[in-house]
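Participant: I'll drop the sequence and a predicted model, then ask my questions.
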Number of protein chains: 2
Amino acid sequence: MNNANQAILEIRPFLGERLSTAMAVRTQHGKDQTWNTGAAPDAVAFVHSTAEVQQIVKICARLKVPVIAYGTGTSLEGHFAAPKGGICIDLSGMNQILEVNSEDLDCRVQAGVTRKQLNTHLRDQGLFFPIDPGADASLGGMTATRASGTNAVRYGTMRENVMGLTVVMANGQIVRTGTRARKSSAGYDLTRLMVGSEGTLGVITEVQLKLYGIPESIAAGVCAFPSVEACCLTTIQVIQLGIPVARIELVDEEHIKALNAYSKLGLSVSPTLFVEFHGTPASTQEQSETFAAIAAEHGAGNFQWASREEDRMKLWQARHDSFWATKSLMPGKEAIATDVCVPISRLAECVTQTQADLAANTLYGPIIGHVGDGNFHVVLFCNRADPDEVQRVKAVYGRMIERALAMGGTCTGEHGIGQGKRGYLALEHGTGLNVMRAIKAALDPDNIMNPGKNAGA
Amino acid sequence: MNNANQAILEIRPFLGERLSTAMAVRTQHGKDQTWNTGAAPDAVAFVHSTAEVQQIVKICARLKVPVIAYGTGTSLEGHFAAPKGGICIDLSGMNQILEVNSEDLDCRVQAGVTRKQLNTHLRDQGLFFPIDPGADASLGGMTATRASGTNAVRYGTMRENVMGLTVVMANGQIVRTGTRARKSSAGYDLTRLMVGSEGTLGVITEVQLKLYGIPESIAAGVCAFPSVEACCLTTIQVIQLGIPVARIELVDEEHIKALNAYSKLGLSVSPTLFVEFHGTPASTQEQSETFAAIAAEHGAGNFQWASREEDRMKLWQARHDSFWATKSLMPGKEAIATDVCVPISRLAECVTQTQADLAANTLYGPIIGHVGDGNFHVVLFCNRADPDEVQRVKAVYGRMIERALAMGGTCTGEHGIGQGKRGYLALEHGTGLNVMRAIKAALDPDNIMNPGKNAGA
């Protein structure tokens, strides 16, 4: 009997039917959206409490069995595949909103609460949590992957919005990081160390988050530009002027075509900015007018406004559906979503060089970008049965990352490392990777926490 | 010959006269503002480059001699005293601004550049760096202590504004953390781990910082309130409404008396908010009017505006001089500055209980607070020759920290741990302190980096 089977025997008594070894469940929990094939864990534990997570981790630590945390399974870089087997801890049943402190604009949730669940809960109190990585991900998973999304230009990413955590460490110890204070200079920043560690340093079971008041006025709009450069120059000027834009998204021509077809938007086929402003009616009016003036200087067409909530919702739903929109145009192919992030001054260059590289290799790769952050996504379409196309896609993918790093950027702005981008960590961080590995070895000497991912062994 | 002397012998050949063993220099570099007496290092190395820091650290690592980084010597918790001797690395000569990227709103500086030096350099480009911890501290020191100040409510602290670092680690390896991208999900957040580590994990030699455009319009004002509660309730409402206040400072009655005397301000003696708004002329106007309306609801007196730059400067200079203002009222006593930070909903309670405790113990301890963050400072005046007073001050100090922790706060919002607050780390972090110590032991196994400080041994 191997150690995983022993772990299953020891976990069964207290989880009962909430420990599954059914092949369908294991396969579904071991998927991978990258070039790698998935890998199923030996069992999936559907937990209800931090104490249960602790019990499981203690058993796995003693038996040296891998532990893989799982939220909604929406991460993109093979974060939750189990190449070394082990016990997958599914936290989706830990879905309690533990407290909302409206005066302090913070809340505490169990790791399995999803962002939409939280926002539905908050709406009546006039509050919201802004981070929106497309999928309705769990807040624990968003923390573990340092997620962001369209609002990051104004509200930051999970890095800026997680105040504290409850984490079960590899030795089974429960650690509570952070406090409810807005800032602290007391000790090492364990919260930020855990944010983005992708389950390789511990299992996050509770998250303390910053909240925001729902803005009195929200104005959104769409504006077509003659070029990607014009979009980027407009964005740079908007940010330099301190206009507190809440969202500013670049959508390239290929994506516009796809959105027109899929979401029936009827937009001009040209590089486009989707923007949103939050504030008082007077301030959003002023922001929009300033934006329109800057955009006009860069040759923008008419600025179409969506002032009604349903029109705004349609716009952003279309934006969030962009992956599916492009996928519907390429029914026979696999879609591999990837992202990089560069200094905003280099964004136009990075995007246009990537577009040129795609064209030169006759590949379809629509681009969409959180342009205020210098972050953009390419959906690479590929027929895996065509080895030549696979090779071309992989080459374009690799050059895009190298281009971003050469421009002072990062190999991923928000998708993470997982298994998919491990090969680029050394290229990006150099000697910093030694430091990451020393931390990993110190906190998880037997490498049981999500092995084979991120900076871990 | 002890090891420090051997290190001095080995460092001398390449630093020459920039290695000082003069007693006056050593004493000045080993001061301590806390209850502890200072402790001089064995020598002070005035370095000019990362390579020199690396050479020194490599020598000290081999000889197991302590290394203490020193910027401007303005930290408050005994961060740079040398209780175990060793080599103090004075980084004030590393004062080059290496690059300013105005399109990307970032810059890279050597660690010895001070915040005022940077802002003077940036002014012509319409840019500024907002973090202002009172003293004209070095940006390396501000990074190491996770400094903040009056602007943090709008712009964040060093935690949010450091994009990347060059650090010489305890093994002599040079690590470059972060990138010039605004966000990244590639690997562990080494930048945030170093921010606030107080020189115990490595010596910071370069800092990449976020910058901001100087606002088109700045409006500042002063508003007296009937009580600390009224100040806090006003602040809570301002923040809940999403008014992007840039500064909102609580100044208690004792401080107002001191400022009136020292800075000739002529303010009503009552709990007061100093506020500042940044934006366009229209938006600062709107923000101020909304603020005035909220303040009036909480019984505020007339809102006095300082629209001219010189009046604003006078106001904030007075705010920054508050320590000296109170000190001038108590010429015979030592002043010990301390801070805590709590959830904003608990701030009024925490401040008024602390005031009551001071009064009950016949102590003078004026309070000033970054009320938007829930952070406040007490300047505790004490005659060290009076053992009874010392005991009463220490007791009030301890109760203030315990009160903040019991309210979900932290033992320090911005002053740091240093030597002064080491005793409270376990109380605040519990098992988290084990994690901090494991990281420290992994990255600095011989404990040469600023020993006896923060979470280190």
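Facilitator: Happy to help now that I have it.

Participant: by contact count, what packs against the longest helix belonging to chain A?
Facilitator: When chain A is parsed with DSSP state H, its longest helix is helix A:387-406. Applying 3 or more CB pairs under 8 Å, 6 or more residues apart in numbering or on different chains; DSSP states H and E, one finds that helix A:387-406 contacts strand A:334-341, helix A:347-360, strand A:375-382, helix A:425-429. (Each C-beta comes from the backbone N, C-alpha and C, glycine too.)

Participant: are the third one and chain B in contact anywhere?
Facilitator: Yes: among the residues of strand A:375-382, A:Asn375 lie within reach of chain B under CB under 8 Å from any CB of the partner chain.

Participant: now the second one
Facilitator: No: remark: helix A:347-360 sits outside contact range of chain B, by CB under 8 Å from any CB, the gap being at least 9.7 Å.

Participant: who touches A:Asn260 in this structure?
Facilitator: By CB atoms under 8 Å, 6 or more residues apart in numbering or on different chains, the residues touching A:Asn260 are A:266-267, A:269.

Participant: doesn't A:Asn119 make contact with A:Leu211?
Facilitator: No: look at A:Leu211 against A:Asn119 with CB atoms under 8 Å: they stay out of range, at 9.8 Å.

Participant: overlap in contacts of those two?
Facilitator: A:128-129.

Participant: give the buried residues for the longest helix of chain A.
Facilitator: A:389, A:392-393, A:396-397, A:400-401, A:403-405 (16 or more other CB atoms under 10 Å in any protein chain shown).

Participant: now swap in stretch A:86-104 and tell me
Facilitator: Those would be A:86-92, A:94-95, A:100-102, A:104, for stretch A:86-104 by 16+ other CB under 10 Å.

Participant: end to end, how far does that stretch reach?
Facilitator: 40 Å (CA to CA, to the nearest Å).

Participant: just to revisit the earlier point, when A:Leu211 and A:Asn119 are compared, which one has more neighbours?
Facilitator: More crowded of A:Leu211 and A:Asn119, by other CB atoms under 10 Å in any protein chain shown: A:Leu211, with 23 against 17.

Participant: in TSV, list the contacts of A:Asn260 along with distance to chain B, pLDDT and secondary structure.
Facilitator: Shown next, in TSV, are the contacts of A:Asn260 (distance: CB to the nearest CB, whole Å; pLDDT from 0 to 100; DSSP: H, G, I helix; E, B strand; the rest coil):
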residue	distance to chain B	pLDDT	secondary structure
A:Gly266	32	88	coil
A:Leu267	27	91	coil
A:Val269	28	95	coil
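
Participant: so which of the residues you listed wins on neighbours?
Facilitator: Highest count within the contacts of A:Asn260 by other CB under 10 Å belongs to A:Leu267, 19 neighbours.

Participant: quick check: closest non-adjacent residue to it.
Facilitator: A:Ile256 (5.3 Å; CB to CB, 6 or more residues apart in numbering or on different chains).

Participant: is the one you found in contact with A:Gly266, as I believe?
Facilitator: No: proximity of A:Ile256 to A:Gly266 does not meet the contact threshold set by CB under 8 Å, at 10.2 Å.

Participant: closest one of the buried residues of stretch A:86-104 to B:Ala61?
Facilitator: B:Ala61 lies nearest to A:Gly86 out of these, by CB to CB, at 37.7 Å.

Participant: which residues touch that closest one?
Facilitator: A:4, A:41-42, A:60, A:65-68, A:448, A:451.

Participant: how about these in CSV, adding distance to chain B, secondary structure and neighbour count?
Facilitator: Listed next are the contacts of A:Gly86 as CSV, based on distance: CB to the nearest CB, whole Å; DSSP: H, G, I helix; E, B strand; the rest coil; neighbours: other CB atoms under 10 Å in any protein chain shown:
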residue, distance to chain B, secondary structure, neighbour count
A:Ala4, 27, helix, 22
A:Pro41, 23, coil, 30
A:Asp42, 27, coil, 21
A:Cys60, 19, helix, 26
A:Val65, 22, coil, 28
A:Pro66, 19, coil, 24
A:Val67, 17, strand, 28
A:Ile68, 18, strand, 30
A:Ile448, 16, coil, 24
A:Pro451, 16, coil, 20
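
Participant: I appreciate the help and will end here.
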